[in-house]
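> Sequence and predicted model, in that order:
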Amino acid sequence: MSEVLLSLGTGALVGVIFSLFKLPLPAPPVISGIVGIFGIYLGSVGYHWIVERFFS
């Protein structure tokens, strides 16, 4: 849980700093960013499933 809070706090701080200097946010558009993160997670879960199922 502390990793999640630390990540959220760091992200909020970066957002404030970038807004202060009127820079574009260093993140992809919201929907494509969420879909990309979900795809990375699914790939990781799929890899572990394949390895456990076929190679153990």
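It's in. Since the model is a prediction, treat every value here as computed from it, not as a measurement. Numbering: from 1, shown residues only.

> Hmm, residue 28 and residue 36 touching each other?
Yes. Assessed by C-beta atoms under 8 Å, residue 36 is found in contact with residue 28 at 6.6 Å. C-beta here means a position set from N, CA and C on the backbone, and glycine is covered the same way.

> Find the residue ranges of this structure scoring beneath the pLDDT cut-off.
Of all residues in the chain, none has pLDDT under 70.

> Now do the buried residues in the host helix or strand of residue 31.
Element membership for residue 31, per DSSP states H and E: helix 30-54. Residues of helix 30-54 include none that count as buried (16 or more other C-beta atoms under 10 Å).

> Please renumber the chain so that the first residue is 58 from this point on.
Fine by me, first position is 58 from now on; the one you just mentioned is helix 87-111.

> Figure out how far that helix is from the centre of its chain.
For helix 87-111, the gap between its own C-alpha mean and the chain's C-alpha mean amounts to 12 Å (C-alpha atoms, centre = their mean, to the nearest Å).

> What are the contacting residues of it?
Outside helix 87-111, the residues that touch it by C-beta atoms under 8 Å, 6 or more residues apart in numbering are 84-85.
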